[in-house]
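Enquirer: fold the stuff below for me.
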Amino acid sequence: MNSDASVNVLYVDDEIHNLNSFKAGFRRLFNVFTAESAVEGRKILETEDIHVIVTDQRMPVTTGIEFLESIIPDFPEPIRILLTGYADINAVIDAINRGQVYKYIQKPWREDDLQINIEKAFEIYMLRKENRELTEKLLIANKQLEYLLRQDPPS
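Expert: Below you'll find the predicted structure:
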């Protein structure tokens, strides 16, 4: 992974010891932001440039899938990872279809496995960003070409 790039990771979980464990395990590798609820997570998204979101599925008030689905209109770019201690096929299907989840990982996570998945998620984030930027440049170049082609030929 490119060491020049700082990866901003948001981890949302209602269990404080999971938040502390995540932060302790990954703070040297990534810029870690933590939130105890979907509401706190949304506030962080509004103030920070988050690249990867990791969220627990089972939380009171708002599930991880509901949180991820709710932020898509305002924050479509971050890559999403869902963590859960429960194997529920319906949650997996909902995560993919509603929450646009990149990975579904079982708790307790293995630190090296989660690190690799966060790094891969960031690579996807950067590739999508580069693709958007290249598409914008292509559209501008196309408009300029169309303008030039519409000009009267020199006499």
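Enquirer: in the longest helix belonging to the chain, what counts as buried?
Expert: Under DSSP state H, the helix in the chain containing the largest number of residues is helix 111-150. If you call a residue buried by 16 or more other Cβ atoms under 10 Å, then helix 111-150 has these buried ones: 114-115, 117-118, 120-122, 125. Just so you know, the C-beta spots here come from the backbone N, C-alpha and C atoms, and that holds for glycine as well.
Enquirer: pick the one among those residues closest to Glu77.
Expert: Lowest distance from Glu77 to those (Cβ to Cβ) belongs to Tyr125, with 6.8 Å.
Enquirer: ok, the closest one - contacts?
Expert: 51-52, 77-79 (Cβ atoms under 8 Å, 6 or more residues apart in numbering).
Enquirer: among these, which one lies nearest to Tyr147?
Expert: Distances from Tyr147 to those, taken by Cβ to Cβ, are shortest for Glu77, at 30.7 Å.
Enquirer: mind pulling up the phi and psi values for that closest one?
Expert: Per-residue torsions, Glu77: phi -80, psi -40 (degrees, to the nearest 10).
Enquirer: list the contacts for it?
Expert: 51, 125, 128-129.
Enquirer: where does the residue lying closest to Lys107 once chain neighbours are set aside fall, phi/psi-wise?
Expert: Spatial nearest neighbour of Lys107, excluding adjacent residues (Cβ to Cβ, 6 or more residues apart in numbering): Gly85 at 4.0 Å. Gly85 adopts backbone torsions of phi -90, psi 0, taken as degrees, to the nearest 10.
Enquirer: Gly85 is in contact with Asn18, isn't it?
Expert: No. Contact criterion Cβ atoms under 8 Å: Gly85 and Asn18 do not qualify, at 9.9 Å.
Enquirer: more neighbours: the two, which one.
Expert: Higher neighbour count among Gly85 and Asn18: Asn18, with 19 against 12, using other Cβ atoms under 10 Å.
Enquirer: any idea how far that one lies from Arg110?
Expert: 14 Å (Cβ to Cβ, to the nearest Å).
Enquirer: can you check Ser37 too?
Expert: Distance from Ser37 to Arg110, by Cβ to Cβ: 26 Å.
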